[in-house]
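# Structure for this input, please:
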Amino acid sequence: VPGVTTIIKEANLGVPNYGGFSEAQRRGLTVHTATEYLDLGDLDMDDFRTRYPQYMGYVEGYQKFLAESGFKPELIEWQGFHPQLRYAGTMDRRGSMNGFMIQIDLKTGEKMAWHKIQTAGYRKLRPEWRLDKRASLYLKEDGKYDLVMHEDAEDEGVFLSALALHHWRKNNGVKNGNGD
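Coordinates of the predicted model:
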């Protein structure tokens with residue numbers, strides 16, 4: 001079953017090819033895990049600071065976001081599967097903020113256009129859920145953050161096109177658009 005990011009990558013929509021497990025991926029995994037524990041009230045900040053001082057600013061940025069935005073997560077690292085469309089994905093956060101429901105994807109790198117396609121793919125996993133907004137939360141090394149809303153109505157159509165392309169390639173023996 002293909003995942004959201006794999007579908008977007010295969011469609012050549014800008015997902016980087018790291019060629020192995022990169023520092024950016026290690027940072028993302030570490031920060032995602034720490035913020036999950038933080039949301040669950042189970043992060044030992046002193047231990048994290050000792051083990052991962054290079055990532056502390058990202059976690060502090062998330063803490064600052066929570067304090068300033070009033071965001072209350074209801075789902076954390078939720079994994080879903082769409083049986084009719086035959087794809088899966090992991091929604092980082094879904095919760096309430098300022099009276100609306102929002103889906104947030106956490107990022108520790110640069111802003112990229114494909115991120116809004118990614119949140120559209122996650123959103124499509126459960127169309128029956130009330131969800132007013134989609135966004136990426138860019139956490140910074142210096143403890144700052146930037147919440148970028150994804151409001152383009154075409155994002156879902158782009159994701160569904162990439163998904164259709166993925167299934168077409170699979171059904172016709174074409175591995176991907178990179179000549180592989």
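
# what number of residues lie near Met91?
24 (other CB atoms under 10 Å). Just so you know, the C-beta spots here come from the backbone N, C-alpha and C atoms, and that holds for glycine as well.

# quick one, strands of the chain?
Taking DSSP state E as the criterion, the chain contains strands spanning 72-82, 87-97, 100-107, 133-139, 145-149.

# in this protein, which segments are predicted with low confidence?
Per-residue confidence for the chain (pLDDT under 70) gives these ranges: 19-21, 176-180.

# ok, now how distant is the residue nearest the centre of it from Arg93?
In the chain, the centroid-proximal residue (CA atoms, centre = their mean) is Asp105; its distance is 3.5 Å. Between Asp105 and Arg93 the computed distance is 8 Å (CB to CB, to the nearest Å).

# Same check on Arg51?
23 Å.

# Those two: which has the busier surroundings?
Arg93 (24 against 13).

# ok, the nearest residue to the more buried one once chain neighbours are set aside - contacts?
Residue nearest to Arg93 in three dimensions, not counting chain neighbours: Ile104, with 4.4 Å by CB to CB, 6 or more residues apart in numbering. Contacts of Ile104 were listed using CB atoms under 8 Å, 6 or more residues apart in numbering, and they are Phe71, Asp92, Arg93, Arg94, Gly95, Ala135, Ser136, Leu137, Leu147.

# Okay, and the beta partners of the last one?
If I follow you right, that is Leu147. For Leu147, the beta-bridge partners under DSSP bridges are Leu137.

# and if you look at Lys107?
Tyr138.

# got a list of what it touches?
Gly28, His115, Ser136, Leu137, Tyr138, Leu139.

# Quick check: it vs His150, distance?
Lys107 is 12 Å from His150, by CB to CB.

# Quickly list what's touching both of these two.
By CB under 8 Å, 6+ apart, the residues touching both Lys107 and His150 are His115, Ser136.

# Next one: the residue nearest to Arg93 from Thr50, what distance?
Counting by CB to CB - Ile104 and Thr50 are separated by 28 Å.

# mind listing the helices for this protein?
Counting by DSSP state H, one finds helices in the chain at the ranges 4-10, 23-39, 45-51, 56-69, 114-124, 155-171.

# Against which helices or strands is the fourth one packed?
In this case it means helix 56-69. helix 23-39, helix 45-51, strand 133-139, strand 145-149 (3 or more CB pairs under 8 Å, 6 or more residues apart in numbering; DSSP states H and E).

# quick one: the longest one to chain centroid distance?
Taking CA atoms, centre = their mean, to the nearest Å, the mean C-alpha location of helix 23-39 is offset from the chain mean by 12 Å.

# So for it, what gets flagged as buried?
Arg27, Gly28, Thr30, Val31, His32, Ala34, Thr35, Glu36, Tyr37, Leu38, Asp39 (16 or more other CB atoms under 10 Å).
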